[in-house]
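> sequence unknown, structure follows:
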């Protein structure tokens, strides 16, 4: 499962099923680029994860709807329901801890 | 502006080497970046025996519902499911069963499938596909990453050497500084803050400590005035230095640079062009560009010794 890039037309569909990590990032945000690399590493390690990226600079209406006030913000969804969230860069193990808590629940 | 610079201290007479922290490459970070090069080329091949990093499919039997599953898939050793069960799976072959006593109860794990992770070595072809100018081989890419690391370290450690070099250049130079120019710099900066606050629905002079928090590092309007007055003296000096250096190197900010700045500002801060222009007047922009140019020149000098 490759990392998928979402926009306002498909974001809700992409987070609607299974366990999904949603990365809200900004175009000029440096920490977002760092977290993006961490997500790419996790995707290379766990290829069957659902990861969705949403650019809040280009999709401000989605950012407002999901109350994103800072980037990066990471949301974890299980079957469309928000089960955990984090503002700021997450270290790989912290991401895996959330996966372990919710993906197999 | 009546203020002017009469004579500028030659920054090349100032030894900045004692101010610099020597660069020490972070080899671990470098290896991590090189490893990332292979991420898009990782293959998963059906196998018989699981090792750490492989995808495994298991059948779990336990009295604990969390560990009683007909089919569960995880990556052994990743920490994404359960550390001890992942460790148990690593080393097992398809069809093999192992047992583990966990605080939640005994768990029996039968390995039903394995996908081995195959990571190719970094190659020149992978580097070529990055499309980086002048970077064609793995050795080139390593050098490129090292240069990036060095630049990041330089920027991270720049503040103190630049502050001291600027201070020494200003104190060694001769200026004619007029009070009305300083007052104009102060008032322009306060006007900018006033406009930004108004655009957020606040009145600068009436802002509370809580409203200042996260916006401007002061607790009251009077603190802001004091801070702006204090900083504007050096800002005026930096502006005059920047003008001086610009005469030597041809630096000339103008309308085109201003328009590009406004376009970028509008996009970055999600504000209208009208608000962007109101908060960043052309006069302020040009002033900041020249002040910034002094920093650019002095930074380039510091870099020669890094």
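Thanks, I have it. If you're wondering where the values come from, they're calculated on a predicted model, not measured in any experiment. Numbering: from 1, shown residues only, chains lettered A, B, ... in the order given.
> Any residues of chain A in contact with chain B? List them.
A:27-28, A:37, A:40-41, A:43-48, A:57, A:60, A:93, A:96-97, A:99-100, A:103-105 (Cβ under 8 Å from any Cβ of the partner chain). Using the backbone N, CA and C atoms, a C-beta is placed for each residue, glycine as well.
> What ranges does the chain have for its helices?
Since you didn't name a chain, this refers to chain A. With DSSP state H as the definition, chain A shows helices at residue ranges A:11-14, A:30-45, A:60-65, A:92-102.
> that's the wrong chain, I meant chain B
So, for chain B - with DSSP H - the helices run B:27-36, B:83-89, B:124-130, B:138-156, B:159-172, B:179-199, B:209-212, B:221-249, B:255-269, B:273-279, B:282-303.
> Next, format these as TSV and append distance to chain A, mean pLDDT and mean neighbour count.
Shown next, in TSV, are those (distance: least, Cβ to the nearest Cβ, whole Å; pLDDT from 0 to 100; neighbours: other Cβ atoms under 10 Å in any protein chain shown):
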stretch	distance to chain A	mean pLDDT	mean neighbour count
helix B:27-36	7	93	13
helix B:83-89	9	94	18
helix B:124-130	13	96	14
helix B:138-156	10	96	15
helix B:159-172	17	96	16
helix B:179-199	17	95	17
helix B:209-212	16	94	13
helix B:221-249	24	96	17
helix B:255-269	6	93	13
helix B:273-279	15	95	16
helix B:282-303	18	97	18
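> okay, the ones you listed in TSV with distance to residue B:57 next?
Formatted as TSV, the helices of chain B follow (distance: least, Cβ to Cβ, whole Å):
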stretch	distance to residue B:57
helix B:27-36	26
helix B:83-89	10
helix B:124-130	30
helix B:138-156	35
helix B:159-172	53
helix B:179-199	56
helix B:209-212	54
helix B:221-249	62
helix B:255-269	46
helix B:273-279	55
helix B:282-303	54
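> The closest residue to residue A:63 other than its chain neighbours: neighbour count?
With sequence-adjacent residues excluded and distances taken as Cβ to Cβ, 6 or more residues apart in numbering or on different chains, residue A:63 is closest to residue A:56, at 3.8 Å. By other Cβ atoms under 10 Å in any protein chain shown, 24 other residues sit near residue A:56.
> Surely residue B:89 and residue B:111 touch.
Yes. Residue B:89 is within contact range of residue B:111, at 6.2 Å (criterion: Cβ atoms under 8 Å).
> overlap in contacts of these two?
Shared contacts of residue B:89 and residue B:111, defined by Cβ atoms under 8 Å, 6 or more residues apart in numbering or on different chains, comprise B:50, B:56, B:58.
> Strands - which of these land there?
Members of the shared contacts of residue B:89 and residue B:111 lying in strands (criterion: DSSP state E): B:56, B:58.
> Please list which of the shared contacts of residue B:89 and residue B:111 are also close to chain A.
Answer for the shared contacts of residue B:89 and residue B:111 near chain A: none qualify (Cβ under 8 Å from any Cβ).
> The stretch 1-150 of chain B against chain A: which residues are in contact?
Residues of the stretch 1-150 of chain B lying near chain A (Cβ under 8 Å from any Cβ): B:36, B:39-40, B:42, B:44, B:53, B:55, B:66, B:72-75, B:78-82.
> Counting only strands, which of these make the cut?
B:44, B:55, B:72-75.
> Distance to residue B:256 and pLDDT for the residues you listed - can I get that in a markdown table?
Formatted as a markdown table, these follow (distance: Cβ to Cβ, whole Å; pLDDT from 0 to 100):
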| residue | distance to residue B:256 | pLDDT |
| --- | --- | --- |
| B:44 | 51 | 96 |
| B:55 | 54 | 97 |
| B:72 | 60 | 94 |
| B:73 | 56 | 95 |
| B:74 | 56 | 95 |
| B:75 | 52 | 96 |
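> what's the most distant pair in these?
B:44 and B:72 (17.3 Å; Cβ to Cβ).
> which strands and helices sit next to the longest strand along chain B?
Ranked by residue count under DSSP E, the longest strand found in chain B is strand B:105-118. Applying 3 or more Cβ pairs under 8 Å, 6 or more residues apart in numbering or on different chains; DSSP states H and E, one finds that strand B:105-118 contacts strand B:43-47, strand B:55-62, helix B:83-89, strand B:97-102.
> now, of the ones you listed, which is deepest in the fold?
Greatest average neighbour count among the helices and strands packed on strand B:105-118 goes to strand B:55-62 (a mean of 20), per mean count of other Cβ atoms under 10 Å in any protein chain shown.
> Can you list the neighbours in contact with that strand?
A:47-48, B:44, B:50, B:67-76, B:85, B:89, B:104-115, B:117.
> in chain A, what residue is nearest chain B?
At 4.0 Å from chain B, residue A:44 is the closest residue in chain A, using Cβ to the nearest Cβ.
> Now do the contacts for residue A:73.
A:24, A:85-87.
> now swap in residue A:56 and tell me
Here residue A:56 is in contact with A:24-26, A:62-63, A:68, A:71 (criterion: Cβ under 8 Å, 6+ apart).
> In strands, which of those residues appear?
Using DSSP E, these in strands are A:24-25.
> Closest to residue B:267 out of the shared contacts of residue B:89 and residue B:111?
residue B:56 (46.1 Å).
> Quick check: bridge partners of the closest one?
Beta-bridge pairing of residue B:56 under DSSP bridges involves residue B:74, residue B:114.
> What distance do you get for it to residue B:116?
10 Å (Cβ to Cβ, to the nearest Å).
> can you check residue B:240 too?
67 Å.
> need the contact list for the residue minimising distance to the centre of chain A.
The residue lying closest to the centre of chain A (Cα atoms, centre = their mean) is residue A:22, at 1.9 Å. Residue A:22 sits next to A:6, A:11, A:14-15, A:52-54, A:74-77 when contact means Cβ under 8 Å, 6+ apart.
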